[in-house]
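S.K.: okay, here's the prediction I keep looking at, along with the sequence it came from:
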Amino acid sequence: MSSFFSFSDPNVQMVTLGVMLLGAGAAIVGCFTFVRKRALVGDAIAHAVLPGICLSFMITGQKHPLWLLAGAVVTGWLSLLFMDYITHRTKLKADAAIGAVLSLFFGLGILLLTAIQHSGSAQQAGLDKFLFGKAASLTQQDVIVFGLTTLLVLLVVFTFFKSFKLLAFDRDFAHAIGLPVRLLEFVLSTITVLSVATGIQAVGVVLMAALLITPAAAARFWTDSMQRMTGLAAGFGIVAGFFGAFVSYTAPSMPTGPWIVLLLSAIAVISVLLAPRRGILARWLLQAENSRKMLAENILKSFFSLSAKKEAISEADILEARPFSVTGLGRGLRRLQRRGLVQQSAPRTWQLTETGQIESRRVVRLHRLWELYLSHKLGLPADHVHNSAEAMEHLLTPEVEQHLLEELEYPVLDPHDSAIPYDIKTDAP
Amino acid sequence: MNAFWIILTGTLVAICGGLLGAFLLLRKMSMVGDAISHAVLPGIVIAYLLSGSREVLPMLVGAAAFGVFATVVIEALYRKARLQSDAAIGITFTGLFALGIVLISLFAGQVDLDLDCVLFGEIAYVPIDVWITPGGINMGPRAVWVTGGLLVLVLAMIGIGYKGLLLTTFNPEHAASIGISVAFWHYLLMSAVSVTTVVSFESVGAILVVAFLIVPPATAYLLTNKLKPMLALTVLFGLGAAVGGYYLASWIDGSIAGAMSVVAGVFFTAALVAKHKR
């Protein structure tokens, strides 16, 4: 292990650098695959390079990386054309086309691979490393060829980044502004096939889809910008590549692909759960905060209508006026108390503070303004506006409120002829 | 006699996979079938580790659990995390499959499975692994009994549940409106696919079972628009793939499972060409 981290062995340096480059290349290309919703196409291409590798070996009789790469690219491209033909010319849907092409090419790859193994050729040992990847078995020649190919891929992506982005998000628009859409698609497909053909050195054909798609999907949770997403995905790919090289050296009997994919999956799980804003936890917290806010505002509304008769209001009164859950009401009241909007005057009996009165009038005012807006400006009948107002009262911002007031010319009554409550201090006409 | 047992096993797997695959195809869920066939691997390995043997029942339970788990994760990524569906499928099955391979590598000494077996099974060894009753009677290959039993179950499910499967496949809204549970048939089908994957696992491997799940139904679908002829054609192409694949493999001395999926693919391509000419 220490011999790995000291990087004293130049071969370790080469391979580690090479595999990190492969990881970054696949992740960057994978961002476009992801945005074009072709994740599973990437999976099929990855499986389809196997027969190409085997055929190349059968024809040349050697494992020179350049020939293997050529074979891989040929069958990878063929599978892509085959899938396009099936989806465009037959009634089969994309997923069936992908599955059929994947099984046909991969079955052929396995058949050829086993035939080569049974042929007893001494040269063939190591071809099966393409199934699950094994970074440590890369030769210096391999690293040079695959590293240079990845650099080429990266160069193409950086040169055409804007065009690719347009193509991926809005093909019709790209076509309309005169971009050579078909040529760009050809280039993009070619670099996808190339990065698959090189990426399998690290993870193998079976799990290659993950090297393309998992970093991109994980990065998507952290940002809305394509540039940042690509950068982040590349970072994940580099980390995974480094980890793969590490596993390959410390545990020579292990296939490296699955470890790399497990690491990437862990990154994806963390992103899905914890990423700010888009992550599940962040959205869940936001939802919880929103429902607490709605609960509090609904309680304030009940206070408003009950306060017309008396000041001190018992919890039973509130529950009678509006069907809160008992525990929900208790939580909401304590929250309002902490914010200084209500105070407890006797056990289970509450009254609004001064700020609470202002706040309750604000919510009721928004409700009634919105009802009035719907019935006056949009012509909805008065008995159809309540439900919409129940939702909107929690969403309207002070700016929108001001617009509504001006638009409706500071109205006095709502569509049900109830007075719209104003606060003299804040919004006198 | 060996050839007969191997072809029979292949045919049984092809028919089970094909019949279920036809419904997956019509539900536009072919790649979910692919995902499940990968995702059951950790379930199989864990069952091996816990039971310490190749007993069928623990494997079925483990695999069905992970198969359903995979569909739940895919659904959650799609609905809760709002990830696009292709990426949700891709991430889930690669992650679970990788977990399975890592477990196999870690417990290589305790799990009687190797990576080759995962990929293309050991159908050539089917005739060797015979079932001998406690009374000492040779009942023939174990795999034939297991896959035969599976076929009976699959046929029973489709026979008894034909209406439910049909309605929830073609018109889920109508099915729901007349009180047929769409979720029930969904998860029943997913469990059946998981179980088929496990049972097929030892013969054709976790990956090439996809060839039987997807390719014969896709070929049949190209040639007919009706469900019953489609199911019949699926069975026919499955049978053809098993027979042709066996002889192709012995001719070029390669993997039988690989050859079977190649022959299935040849039928598929031929159907495409025939369609194109017309």
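M.R.: Done, it's in. Numbering: from 1, shown residues only, chains lettered A, B, ... in the order given.
S.K.: give the contact list for A:Leu155.
M.R.: Counting by Cβ atoms under 8 Å, 6 or more residues apart in numbering or on different chains, A:Leu155 touches no other residue. Quick note: C-beta positions are derived from backbone N, CA and C, even for glycine.
S.K.: how is chain A partitioned into domains?
M.R.: Domain ranges of chain A: A:2-273, A:282-352, A:356-427, per automatic domain parsing.
S.K.: any chance of the ones you listed in JSON lines, plus distance to B:Leu83?
M.R.: Conversion of these to JSON lines gives the following (distance: least, Cβ to Cβ, whole Å):
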{"stretch": "domain A:2-273", "distance to B:Leu83": "6"}
{"stretch": "domain A:282-352", "distance to B:Leu83": "13"}
{"stretch": "domain A:356-427", "distance to B:Leu83": "27"}
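S.K.: turn those domains into JSON lines, including mean pLDDT and distance to B:Pro172.
M.R.: Converted to JSON lines, the domains of chain A look like this (pLDDT from 0 to 100; distance: least, Cβ to Cβ, whole Å):
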{"stretch": "domain A:2-273", "mean pLDDT": "90", "distance to B:Pro172": "17"}
{"stretch": "domain A:282-352", "mean pLDDT": "88", "distance to B:Pro172": "27"}
{"stretch": "domain A:356-427", "mean pLDDT": "86", "distance to B:Pro172": "29"}
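S.K.: now do the SS call for the nearest residue in space to B:Met59 that is not next to it in sequence.
M.R.: Spatial nearest neighbour of B:Met59, excluding adjacent residues (Cβ to Cβ, 6 or more residues apart in numbering or on different chains): B:Ala47 at 4.6 Å. At B:Ala47 the chain is in helix, as set by DSSP: H, G, I helix; E, B strand; the rest coil.
S.K.: quick one: residues contacting B:Ala47.
M.R.: Per Cβ under 8 Å, 6+ apart, neighbours of B:Ala47: B:58-59, B:61-63.
S.K.: go on, A:Ser119?
M.R.: A:Ser119 neighbours (Cβ under 8 Å, 6+ apart): B:Asp253.
S.K.: one more: B:Ala249?
M.R.: B:Ala249 neighbours (Cβ under 8 Å, 6+ apart): A:111, B:255-256, B:258-260.
S.K.: tell me the helix or strand right after the helix or strand that contains it.
M.R.: Using DSSP states H and E, B:Ala249 sits in helix B:227-252. Per DSSP H and E, the first helix or strand lying C-terminal to helix B:227-252 is helix B:256-277.
S.K.: ok, and what's touching stretch B:118-128?
M.R.: Outside stretch B:118-128, the residues that reach it (Cβ under 8 Å, 6+ apart) are A:110, A:114, A:131, A:206, B:1-2, B:5-6, B:9-10, B:41, B:100-101, B:104, B:141, B:143-144, B:200-208, B:255-258.
S.K.: now the one helix or strand B:Ala98 maps to: buried residues?
M.R.: B:Ala98 belongs to helix B:85-106 when assigned by DSSP H and E. If you call a residue buried by 16 or more other Cβ atoms under 10 Å in any protein chain shown, then helix B:85-106 has these buried ones: B:85-105.
S.K.: repeat that for stretch B:41-51.
M.R.: Those would be B:41-49, for stretch B:41-51 by 16+ other Cβ under 10 Å.
S.K.: can you say which of the contacts of stretch B:118-128 are buried?
M.R.: A:110, A:114, A:131, A:206, B:5-6, B:9-10, B:41, B:100-101, B:104, B:141, B:143-144, B:200-208, B:255-258.
S.K.: what residues are up against residue 40?
M.R.: In the absence of a named chain, this looks at chain A. Contacts of A:Leu40 (Cβ under 8 Å, 6+ apart): A:95, A:98, A:209, B:31, B:86, B:89-90.
S.K.: let me rephrase: I mean chain B.
M.R.: Listed by Cβ under 8 Å, 6+ apart, the contact partners of B:Val40 are B:62-64, B:66-67, B:70, B:194, B:197-198, B:201, B:206.
S.K.: JSON lines please, covering these and showing secondary structure.
M.R.: Output for these, formatted as JSON lines (three-state DSSP):
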{"residue": "B:Gly62", "secondary structure": "helix"}
{"residue": "B:Ala63", "secondary structure": "helix"}
{"residue": "B:Ala64", "secondary structure": "helix"}
{"residue": "B:Phe66", "secondary structure": "helix"}
{"residue": "B:Gly67", "secondary structure": "helix"}
{"residue": "B:Ala70", "secondary structure": "helix"}
{"residue": "B:Ser194", "secondary structure": "helix"}
{"residue": "B:Thr197", "secondary structure": "helix"}
{"residue": "B:Val198", "secondary structure": "helix"}
{"residue": "B:Phe201", "secondary structure": "helix"}
{"residue": "B:Ala206", "secondary structure": "helix"}
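S.K.: tell me the most packed of the residues you listed, by neighbour count.
M.R.: B:Thr197 (33 neighbours; other Cβ atoms under 10 Å in any protein chain shown).
S.K.: the helix or strand harbouring B:Ser200 vs chain A: in contact?
M.R.: With elements taken from DSSP H and E, the one containing B:Ser200 is helix B:182-223. Yes: against chain A, helix B:182-223 shows contacts by Cβ under 8 Å from any Cβ of the partner chain at B:207-208, B:210-211, B:213-215, B:217-218, B:221-222.
S.K.: any idea whether B:Leu113 is helix, strand or coil?
M.R.: On the three-state scheme (three-state DSSP), B:Leu113 is labelled coil.
S.K.: correct me if wrong: it contacts B:Pro42.
M.R.: No: using Cβ atoms under 8 Å, B:Leu113 is not in contact with B:Pro42; the gap is 11.8 Å.
S.K.: how much space is there between A:Tyr410 and chain B?
M.R.: 42 Å (Cβ to the nearest Cβ, to the nearest Å).
S.K.: that residue: what secondary structure?
M.R.: With three-state DSSP as the criterion, A:Tyr410 reads coil.
S.K.: ramachandran angles for it?
M.R.: With angles defined as degrees, to the nearest 10, A:Tyr410 sits at phi 40, psi 70.
S.K.: need the max-distance pair from the contacts of A:Leu40.
M.R.: Farthest pair in the contacts of A:Leu40 (Cβ to Cβ) is A:Asp95 and A:Ala209. Separation: 13.9 Å.
S.K.: check which element follows the helix holding B:Ala98 along the chain.
M.R.: With DSSP H and E, the next secondary element past helix B:85-106 is helix B:115-120.
S.K.: dump the contacts of A:Leu40 into TSV; add distance to A:Arg338 as well.
M.R.: Below are the contacts of A:Leu40 laid out as TSV (distance: Cβ to Cβ, whole Å):
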residue	distance to A:Arg338
A:Asp95	53
A:Ile98	55
A:Ala209	51
B:Met31	51
B:Asp86	47
B:Ile89	46
B:Gly90	46
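S.K.: please compute how far the helix holding B:Ala98 lies from its chain's middle.
M.R.: 17 Å (Cα atoms, centre = their mean, to the nearest Å).
S.K.: stretch A:5-16 too?
M.R.: The answer for stretch A:5-16 is 35 Å, by Cα atoms, centre = their mean.
S.K.: mind listing what's buried along the least confident helix or strand in chain B by mean pLDDT?
M.R.: The weakest-scoring helix or strand in chain B, judged by mean pLDDT, DSSP states H and E, is helix B:115-120 (a mean of 74). Residues of helix B:115-120 classed as buried by neighbour count (16+ other Cβ under 10 Å): B:115-120.
S.K.: can you check stretch A:117-125 too?
M.R.: Neighbour count says stretch A:117-125 has A:117, A:124 buried, by 16+ other Cβ under 10 Å.
S.K.: what about it, how long is it end to end?
M.R.: Using Cα to Cα, to the nearest Å, the end-to-end distance of stretch A:117-125 comes to 8 Å.
S.K.: what do you get for stretch B:77-89?
M.R.: Using Cα to Cα, the end-to-end distance of stretch B:77-89 comes to 9 Å.
S.K.: quick one: is it near chain A?
M.R.: Yes: Stretch B:77-89 lies within reach of chain A by Cβ under 8 Å from any Cβ, at B:77, B:80-84, B:86-87, B:89.
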